[in-house]
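Engineer: here you go, sequence then predicted model.
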Amino acid sequence: MQSPDGFDIAANWHLNFIPMKKDLIAVLTKALETLEVSPLPALDIETPREESFGDLSTPLAMGLARTLKKAPKKIAQDIIDAINDRSIFEKIEIAGPGFINFTFTREYLSASFKKLLKAEKSYLRENVGQGRKVLIEYVSANPTGPLHIGHARGAAVGNALCNLLEESGYHVEREYYINDAGRQVKLLGLSVHAKYQQLLGLDLPSPEDGYRGQYIDDEAAAFLAERGEAFKGIPFESSGDEITTWTYKRMIELIRRDLSRFGIRDFDTWISEKDIHENGEVERAIDDLQQKGFLYESGHALWFRSTDFRDDKDRVVIKSDGQHTYFASDIAYHKNKLDRNFDIIIDIWGADHHGYIPRIESVMQAFGYDITRFKVILVQMVNLLKHGEPFQMSKRAGTFVTLSDIMDLVGPDTTKFIFLTRKADSHLDFDLDVVTATTAENPVFYVQYANARISSIIANAMEKGVSADNADLSRLSEPAEISLIKKLLTYPMVLEGAARSFEPHRITFYLQELAGMFHTYYHNHRVIGDDPGLTSARLALCQGIRIVIGDALGILGVTAPEKM
């Protein structure tokens, strides 16, 4: 069995798994050895949907049915009978077609929770990556204008994924690909050139398919202020390169400023499409494919045999007029990635690039790369709702909503968190009425407020001379308290699952559930009371919740405020 990153889980069952799960795997491994099951199968451990089904569950018996030629329930019973030491379990049950459900004792849960309080971050981590190198390319918006809300979602997803994988034992490199050699950048230059001439009183129409909006006016005015009338009346054919380069570099700086304000860590590398052409990488990549026999001529054009790798049709690399296609640049860029010897390559694209996946996969295979180690994450556009109505975005029409606009309205934290409340390839409604509310309807407020509320409780306790030091955790006997402890102890499994599947939104789901459980608990139970021992134990519970919330929010790139 393999994870999405190509890592062989079955072959690495012996790794140091996270607490609770690790202990269960050790128990199951001994049972399988007693039953002389060989080779050891993948030991899948799950968290049941219903708490009444137990704390952890495994479908192990069903997976062994074909190999052992027995009914899953009989295998499940054999496994249970082979467990000699059941001291950490309150009960073990068979459910459904053969699931084995495990419920841990309160003593075991208290001991595990104490370890979490003591070890904090080191307790929460599983070394999924094992030091493997990962390249993640994200955002990569054309430098033709400010980042809009769609780009922002890709930035939030990419940043959270990078943080998640770094915290899970991967060596991560963050990359931005600058499309600075194509038609779009030329249109940007044409648009600014026309507006510049208009500011000088010349009747030069803006290009019909060019860019519009206040930012074009602003760039033309800035160019005029800096360069004066030096380019007045000079046609674009003579001045275009200078105006275009000047403008797109300013757009890059604007993008960097917006991303910095958004809390996105700067990229380790910025790769220029223009540089790839000028360095001869495009020609070398094409020559390499030619030597491998994957190119052919037809109709005076040069074609790539992408149908050899299950693409629906072959693709043009060099057009009949001798010009390279955009695809040619992508071939060279992805070869550039391969040449840097990453174990895993992840591209984060807009959902409108879905049809582009097969051709890039074809390129990777043509260069001999294991396609299981290449992943594309598609990010759907965001539907911004204003007064209940969709607000349309169009970069060229100048009516798009920028990342800066959204941050001005609701701030970076709220923006990032909302973008991560759905799987990346799912449609997302960004409802301004919801995200500006200070109620449970606003998910980021609900989570951050849990952290702030706990910080206030602990500060209040300190003023009264009460702490969680040396707390007797056995005092936590209320069902809600046991449920909260179990929830905290499953957080490492959530992180592990999110890292293996490259899905940081799983953390957001978990946070909303944890915050909801805590707020309900707080309203029904007094933390600081007349019983010092119970107060100390409940403070420890709050401290554990704050540790996990702070850790999870940090991975998402969202702050954990102590006051709100």
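Structural biologist: Structure's in. What do you need?

Engineer: below-threshold pLDDT in the stretch 401-550 of the chain: ranges please.
Structural biologist: For the stretch 401-550 of the chain, no stretch has pLDDT under 70.

Engineer: just list whatever residues bridge to Trp270.
Structural biologist: In this entry, Trp270 is beta-bridged to Tyr176, by DSSP bridges.

Engineer: what is the least confident helix or strand in the chain?
Structural biologist: The helix or strand of the chain with the lowest confidence, counting by mean pLDDT, DSSP states H and E, is strand 389-390 at a mean of 80.

Engineer: after that one comes which helix or strand?
Structural biologist: Note on strand 389-390: by DSSP states H and E, the next helix or strand toward the C-terminus is helix 403-419.

Engineer: gap between that following helix and the chain center?
Structural biologist: How far helix 403-419 lies from its chain's middle: 17 Å, per Cα atoms, centre = their mean, to the nearest Å.

Engineer: need the residues that contact it.
Structural biologist: With contacts defined as Cβ atoms under 8 Å, 6 or more residues apart in numbering, helix 403-419 is touched by 146-149, 151-153, 155-157, 159-160, 258, 261-263, 382, 384, 428, 430, 432, 435-436, 442-445, 447-448, 508, 556-559. All C-beta spots, glycine's among them, are computed from the backbone N, C-alpha and C.

Engineer: repeat that with 6 Å
Structural biologist: Contacting residues not belonging to helix 403-419 are listed as 147, 149, 152-153, 156, 258, 262-263, 430, 435-436, 444, 557-559 [Cβ atoms under 6 Å, 6 or more residues apart in numbering].

Engineer: then stretch 74-92?
Structural biologist: 27, 31, 34-35, 61, 64, 68, 94, 98, 100, 102-105, 108.

Engineer: list buried residues within the residues you listed.
Structural biologist: With burial judged by 16 or more other Cβ atoms under 10 Å, the buried subset of those is Val27, Ala31, Ala61, Leu64, Ile94, Gly98, Ile100, Phe102, Thr103, Phe104, Tyr108.

Engineer: could you pull up the residues touching the fifth one?
Structural biologist: Just to be clear, that refers to Ile94. Ile94 touches Lys73, Ala76, counting by Cβ under 6 Å, 6+ apart.

Engineer: mind redoing it with 7 Å?
Structural biologist: Lys73, Ala76, Gln77, Ile100 (Cβ atoms under 7 Å, 6 or more residues apart in numbering).

Engineer: against Ala61, how distant is the first one?
Structural biologist: Put plainly, it is Lys73. 7 Å (Cβ to Cβ, to the nearest Å).

Engineer: still on that earlier bit, may I see the contacts of Ile94 organised as TSV, with distance to Leu484, secondary structure and pLDDT added?
Structural biologist: Converted to TSV, the contacts of Ile94 look like this (distance: Cβ to Cβ, whole Å; DSSP: H, G, I helix; E, B strand; the rest coil; pLDDT from 0 to 100):
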residue	distance to Leu484	secondary structure	pLDDT
Lys73	33	helix	97
Ala76	30	helix	97
Gln77	33	helix	97
Ile100	25	strand	98
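
Engineer: between these, which is nearest Ile252?
Structural biologist: Ile100 (55.6 Å; Cβ to Cβ).

Engineer: lowest-confidence one in the contacts of helix 403-419?
Structural biologist: The member of the contacts of helix 403-419 with the lowest pLDDT is Thr436, at 86.

Engineer: phi, psi for that one please.
Structural biologist: Main-chain dihedrals, Thr436, degrees, to the nearest 10: phi -100, psi 0.

Engineer: now swap in Arg174 and tell me
Structural biologist: Dihedral angles for Arg174 - degrees, to the nearest 10 - are phi -100, psi 130.

Engineer: and the closest residue to Leu147 other than its chain neighbours, how far from Gly533?
Structural biologist: The spatial neighbour of Leu147 that comes closest, neighbours along the chain excluded (Cβ to Cβ, 6 or more residues apart in numbering), is Leu403 at 4.3 Å. Separation of Leu403 from Gly533 (Cβ to Cβ) stands at 50 Å.

Engineer: ok, the two, which is more surrounded?
Structural biologist: Neighbours per residue, other Cβ atoms under 10 Å: of Leu403 and Gly533, the larger number sits with Leu403, 26 against 11.

Engineer: in the sheet, who's paired with Asn101?
Structural biologist: Ser57, Glu93.

Engineer: burial count for it?
Structural biologist: Asn101 - counted by other Cβ under 10 Å - has 21 other residues nearby.

Engineer: so it touches Ala95, yeah?
Structural biologist: Yes. Counting by Cβ atoms under 7 Å, Asn101 does reach Ala95; the two are 5.3 Å apart.

Engineer: who touches both of these two?
Structural biologist: In contact with both Asn101 and Ala95: Phe53, using Cβ under 7 Å, 6+ apart.

Engineer: who are the contact partners of the spatially most central residue of the chain?
Structural biologist: Geometric centre of the chain, nearest residue: Leu161, 3.2 Å, by Cα atoms, centre = their mean. If you count contacts by Cβ under 7 Å, 6+ apart, Leu161 has them with Ile136, Phe502, Pro504.

Engineer: which SS class is it?
Structural biologist: helix (DSSP: H, G, I helix; E, B strand; the rest coil).

Engineer: tell me the strands beside the least confident helix or strand of the chain, with direction?
Structural biologist: strand 382-386 (antiparallel).

Engineer: which residue packs closest to Met289, ignoring adjacent ones?
Structural biologist: That one is not Met; residue 289 is Leu. Per Cβ to Cβ, 6+ apart, closest to Leu289 is Leu295, 5.2 Å.

Engineer: filter the contacts of helix 403-419 to the buried ones?
Structural biologist: 147, 149, 152-153, 156, 258, 262-263, 430, 435, 444, 557-559.

Engineer: could I get the residues you listed as a markdown table with secondary structure and distance to Ile346?
Structural biologist: Putting the buried ones among the contacts of helix 403-419 into a markdown table (DSSP: H, G, I helix; E, B strand; the rest coil; distance: Cβ to Cβ, whole Å) gives the following:
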| residue | secondary structure | distance to Ile346 |
| --- | --- | --- |
| Leu147 | coil | 20 |
| Ile149 | helix | 22 |
| Ala152 | helix | 19 |
| Arg153 | helix | 16 |
| Ala156 | helix | 15 |
| Asp258 | helix | 22 |
| Phe262 | coil | 20 |
| Gly263 | coil | 20 |
| Phe430 | strand | 24 |
| Val435 | helix | 28 |
| Val444 | helix | 25 |
| Gly557 | coil | 17 |
| Val558 | coil | 21 |
| Thr559 | coil | 26 |
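
Engineer: all set now, cheers.
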